[in-house]
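Peer 1: below are the sequence and a predicted model; questions follow.
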Amino acid sequence: RDYRVSHSGIASDNVVALGSAYSDLLLPGAGMRVDRELLQRHYTIDIVRQKTVLIALTWHHGGALAHWGDEPELIGRLVAHLGDANILYRLHDRHRYERPYLRALEALVARYPNVQLKFKSESPDSLVDLAVSDVMVSNYSSILNAYYYTRKPSVHILPDGDHYRKMGPFGVRTLRVEDGGG
């Protein structure tokens, strides 16, 4: 709450401290029933018969894999390695990404019927995505906080420690972190 008030400049009277929203629904045995067949119409991937890998990468570090090489190529290799498993690739708001990066991701996703790309700006509620996934891969995106409650496995990619992206009044800025950060 304090972060949202100070960082976003929202009046403290307008920010309610909730705790971890819907964490009680994500806990194993909490009684939330996930009917994958009923939910299937909201997905282009087969969430009923295939295992689903949720890839949720924060935008703050730019390309999550770019410090190892060409990110779309590396993501393509990850998708190929996962074989027939579903990949639900969930990103932050579309406007936070540069157009060439988006075009490369969309071209990559178009090649694979088992990959679905979602943006927070177009699909703001991630609860069902968390519930239907079987494992999550992330570079420490904030969505991990909710995923931990599921007690399902998660794979953590150490983000590029030299750069940090910040949304400002004129769009996204990339800042160099002087201490190397990670």
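Peer 2: Thanks, I have it. Residues are numbered from 1 along each chain as shown.
Peer 1: and the lowest mean pLDDT element among the helices and strands of this protein?
Peer 2: Using mean pLDDT, DSSP states H and E, the weakest-scoring helix or strand in the chain turns out to be strand 163-168, at a mean of 57.
Peer 1: show me what contacts L74?
Peer 2: L65, W68 (CB atoms under 8 Å, 6 or more residues apart in numbering). C-betas here are computed from N, CA, C, even on glycine.
Peer 1: and it, which of the three is it?
Peer 2: The three-state label given to L74 by DSSP: H, G, I helix; E, B strand; the rest coil is helix.
Peer 1: and for the one 3 residues further on?
Peer 2: Look at R77: counting by three-state DSSP, its state is helix.
Peer 1: same check, this time on Y89
Peer 2: State at Y89, reduced to three classes by three-state DSSP: strand.
Peer 1: can you count the residues close to V48?
Peer 2: Here the number of neighbours of V48 (other CB atoms under 10 Å) works out to 13.
Peer 1: any idea how far the residue nearest to it when sequence neighbours are not counted lies from L91?
Peer 2: Using CB to CB, 6 or more residues apart in numbering and skipping the chain neighbours, the partner closest in space to V48 is R36 (4.7 Å). Remark: distance between R36 and L91 (CB to CB, to the nearest Å) = 23 Å.
Peer 1: and these two? which has more neighbours close in?
Peer 2: Neighbours around R36 and L91, counted as other CB under 10 Å, are more numerous at L91. The numbers are 23 against 15.
Peer 1: contact partners for the more buried one?
Peer 2: Counting by CB under 8 Å, 6+ apart, L91 touches A56, L57, W59, Y97, L117, K118, F119, K120.
Peer 1: what about it, distance to R151?
Peer 2: On the measure of CB to CB, L91 and R151 end up 24 Å apart.
Peer 1: P28 now?
Peer 2: According to CB to CB, P28 and R151 sit 5 Å apart.
Peer 1: do the same with D13
Peer 2: 36 Å.
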